[in-house]
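# With the sequence up front, the predicted model follows.
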Amino acid sequence: MRKIRNFIFLFTFVSFIFFVVNIGIGQTIFVPYGATWKYLDDGSDQGTAWRQISFDDSTWKSGPAQLGYGDDGEVTVVSYGPNRMNKYITTYFRHTFEVENSGQYIGFTLKIRYDDGAIVYLNGTEVMRTNMPEGIIQYNSYAVGGSGEDECFLDKKYIRDGTNLLAVEVHQAHPRSTDIMFDLELTSASKLPDFTRKAPYLIYAGKNTEMKICWQVTDTVKCRLEWGSDSSYSSGNVETMEYGDDHQHSFTFVNLIPDTKYFYRVTVNQEIYKGSFRTAPDNNATEIKFMVFGDTRTYPNIQNKVAGAMVSTFFEYERFQSFVLCVGDLVGNGDSESNWDKQFFDKTYQNIQTLHSNLPFQSCMGNHEGSGKLFVKYFPYPFVDQRYWSFDYGSAHIAIFDQYIEDSTGMKQQLDWLKDDLATKTKPWKFICLHEPGWSSGGHGNNKYVQTTIQPLCEQYGVQIVFAGHNHYYAHAVVNNVHHITTGGGGAPLHEPKEVYPYVISFQGVNHFCKVAINGNELNFSAVTPEGAIIDQFTINIE
């Protein structure tokens, strides 16, 4: 499990006595990193009363943060119980602080360091949940991820004049987890947060006269969407309303002209987002281009670098403004909202956001998407069932396969669908997008289901390429004229491929993306690094 190494912070002693430290114009620390916390580490079920300021914690222990098991330089060591193979799941923390004239602040910023998951309550109200499942949490509920850092903006309505209470429960992911860690900072906010939580991004559902746009905001607010064939946005405008229970917006552009570039503008309060897209070509179009990559999780700075090269590609070659095919593992923990916010939709990574706002993102689900609940929430494709579906694009047909259906009945239904889908589609070019490869170069083992079940269908129904990821490198295998591409270099920690695996003819452990260019009966494929170096290329010709 990843650990966060010794954090040392210096504070002005006199100011620290009063638990309020001025750190700049208009910003004040109310709870610093390294503050002293009351804690309970006996493995008990504390119910809900401990979250209230009236709760008597006089028998709890106390000590300065960072708090943990002591294997990572913690200042205060907490107990995991008598059995290191069956550690306590939950440890509780409480800290009171004072605020005068809370109305003078525009809001507050809460930052937390944790291992494995945490829920934060302020004056009895939950204000943050990170690496924890949704719903009611019990004292023995497991976290759904590893260590990390998170932060959020708190409206000043949560703070009262006088004494306030922060209560935090930190959960382990399993009883044998090797460590626990907790520290927290609360400051006044220096600015209001953006209204937009996830900037506009595109989805192509398979109709060349339509395009879907989605975004998410932080509060209930009306948004305006305008679009047109140029930046005057004269084709139409609409005021959108949110749907669901988490301030999401979406709109489907209809009655568009195939193979035409459109521009759009989304206004959220005073924030403006602009983008464009090109509708899919005519159904009988023979020239198409698209890009493929995957395993973007964990390191958005690296993903941003790869995305920058992809953006440059469609800026230079307009036909590549088509769609992006992704082989899954978009984030490290797909059941964590904060992972989606910080690893995939963080607006500070401009290249990623430019890619999302100008090309529809078509992805299968990876194992790191977890239960898939948030994957489906943010990517509402027209699924047949579970998370599988297919779409046409000019002369190509792409089937999106879900390898994470838990029951055998559901898998059989998907297989029956895939057989029918491939058998009835008459497109000359056929591709399958899934996460775990059948033939690759080590790391995660080759997927036997792909080898024994998917591969025969590819041979029978003329599938030219199976795109996969899972292993964080590039590999190219050819099995009975079916090309198996592992493209897992989109941002996740790189793996070192091995050369001893059967059918593999090319491999490299580098960040990369793939370009597919079809012209009639010829397909040209290339895998390139963000710097533009070609690491593999080949041509397929069909009769």
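The structure has been received and is ready for your questions. Quick caveat, the model's predicted, so the values are computed rather than measured. Numbering: from 1, shown residues only.

# Isn't residue 28 up against residue 187?
Yes: when contacts are counted by Cβ atoms under 8 Å, residue 28 is listed as touching residue 187 (6.4 Å). The way it works is simple: take the backbone N, C-alpha and C, and place the C-beta from them, glycine included.

# tell me what the helix or strand where residue 398 lies is packed against?
Using DSSP states H and E, residue 398 sits in strand 396-400. Applying 3 or more Cβ pairs under 8 Å, 6 or more residues apart in numbering; DSSP states H and E, one finds that strand 396-400 contacts strand 361-363, strand 389-393, helix 408-424, strand 429-433.

# Same list, the ones you listed, but as a markdown table with mean pLDDT and distance to residue 339 please.
Putting the helices and strands packed on strand 396-400 into a markdown table (pLDDT from 0 to 100; distance: least, Cβ to Cβ, whole Å) gives the following:
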| stretch | mean pLDDT | distance to residue 339 |
| --- | --- | --- |
| strand 361-363 | 98 | 15 |
| strand 389-393 | 98 | 24 |
| helix 408-424 | 97 | 26 |
| strand 429-433 | 98 | 22 |
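
# coming back round to it: what pairs with the strand holding residue 398, parallel or antiparallel?
Sheet pairing of strand 396-400 (DSSP bridges) gives strand 389-393 (antiparallel), strand 429-433 (parallel).

# Export these as TSV, with columns for mean neighbour count and distance to residue 359.
Putting the strands paired with strand 396-400 into TSV (neighbours: other Cβ atoms under 10 Å; distance: least, Cβ to Cβ, whole Å) gives the following:
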stretch	mean neighbour count	distance to residue 359
strand 389-393	21	12
strand 429-433	23	15
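
# need the helices for the chain, in chain order.
Per DSSP state H, the chain carries helices over the ranges 13-17, 300-316, 337-339, 350-358, 373-378, 408-424, 448-449, 455-461.

# Can you check which of those gets nearest to residue 85?
Closest to residue 85 of these is helix 337-339 (Cβ to Cβ; 28.5 Å).

# From the recorded domain assignment, give the ranges for this structure.
Domain ranges of the chain: 13-188, 194-280, 283-541, per automatic domain parsing.

# among these, which is the most enclosed?
Greatest average neighbour count among the domains of the chain goes to domain 283-541 (a mean of 20), per mean count of other Cβ atoms under 10 Å.

# Start and end of it, how far apart?
20 Å (Cα to Cα, to the nearest Å).

# can you give me how far it is from the chain middle?
16 Å (Cα atoms, centre = their mean, to the nearest Å).

# Next, the contact list for residue 137, please.
Residue 137 is in contact with 119, 169, 171, counting by Cβ atoms under 8 Å, 6 or more residues apart in numbering.

# Of those, just say which sits nearest to residue 337.
Of all the contacts of residue 137, residue 337 sits closest to residue 119, with 12.6 Å by Cβ to Cβ.

# Surely the closest one touches residue 134?
No: using Cβ under 8 Å, residue 119 is not in contact with residue 134; the gap is 11.2 Å.

# count of neighbours near residue 189?
Residue 189: 18 surrounding residues under other Cβ atoms under 10 Å.

# quick one: it from residue 110, how far?
10 Å (Cβ to Cβ, to the nearest Å).

# Which residues are in contact with the closest residue to residue 375 other than its chain neighbours?
Leaving out its chain neighbours, the residue that sits closest to residue 375 by Cβ to Cβ, 6 or more residues apart in numbering is residue 369, at 4.3 Å. When contacts are counted by Cβ under 8 Å, 6+ apart, residue 369 touches 328-331, 334, 375, 404.

# if we go to 10 Å?
Residues near residue 369 by Cβ atoms under 10 Å, 6 or more residues apart in numbering: 297, 328-331, 333-335, 339-340, 363, 375-376, 379, 387, 404, 435.

# Name whatever forms a beta bridge with the closest residue in space to residue 485 that isn't next to it in sequence.
Leaving aside its sequence neighbours, residue 485 sits nearest to residue 467 (Cβ to Cβ, 6+ apart; 5.2 Å). Taking DSSP bridges as the rule, residue 467 bridges to residue 433, residue 485.

# And for residue 90?
residue 171.

# let's have the chain start at 59 instead
Got it, first residue is 59 now, which makes that one residue 148.

# show me where pLDDT drops low in the protein?
59-84 (pLDDT under 70).

# quick one on the thing from earlier: Throw the strands paired with strand 454-458 into CSV and include distance to residue 98, thanks.
Putting the strands paired with strand 454-458 into CSV (distance: least, Cβ to Cβ, whole Å) gives the following:
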stretch, distance to residue 98
strand 447-451, 48
strand 487-491, 48
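
# Could you say which one of these comes nearest to residue 134?
Minimum separation from residue 134 across the strands paired with strand 454-458 (Cβ to Cβ) falls at strand 487-491, 48.5 Å.

# now the closest one and helix 466-482, what's the angle there?
Relative orientation of strand 487-491 versus helix 466-482 (axes from the mean of the first three to the mean of the last three Cα atoms, to 10 degrees): 160 degrees.

# List every C-alpha atom in strand 487-491, with coordinates, as PDB.
Output of strand 487-491 as PDB, limited to C-alpha atoms (Å, rounded to 0.1, in the frame of the first residue of the first chain):
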ATOM      1  CA  TRP A 487     -14.000  -3.300 -40.400                       C
ATOM      2  CA  LYS A 488     -14.800  -4.700 -36.900                       C
ATOM      3  CA  PHE A 489     -13.100  -4.100 -33.600                       C
ATOM      4  CA  ILE A 490     -13.600  -5.200 -30.000                       C
ATOM      5  CA  CYS A 491     -12.700  -3.000 -27.000                       C
END
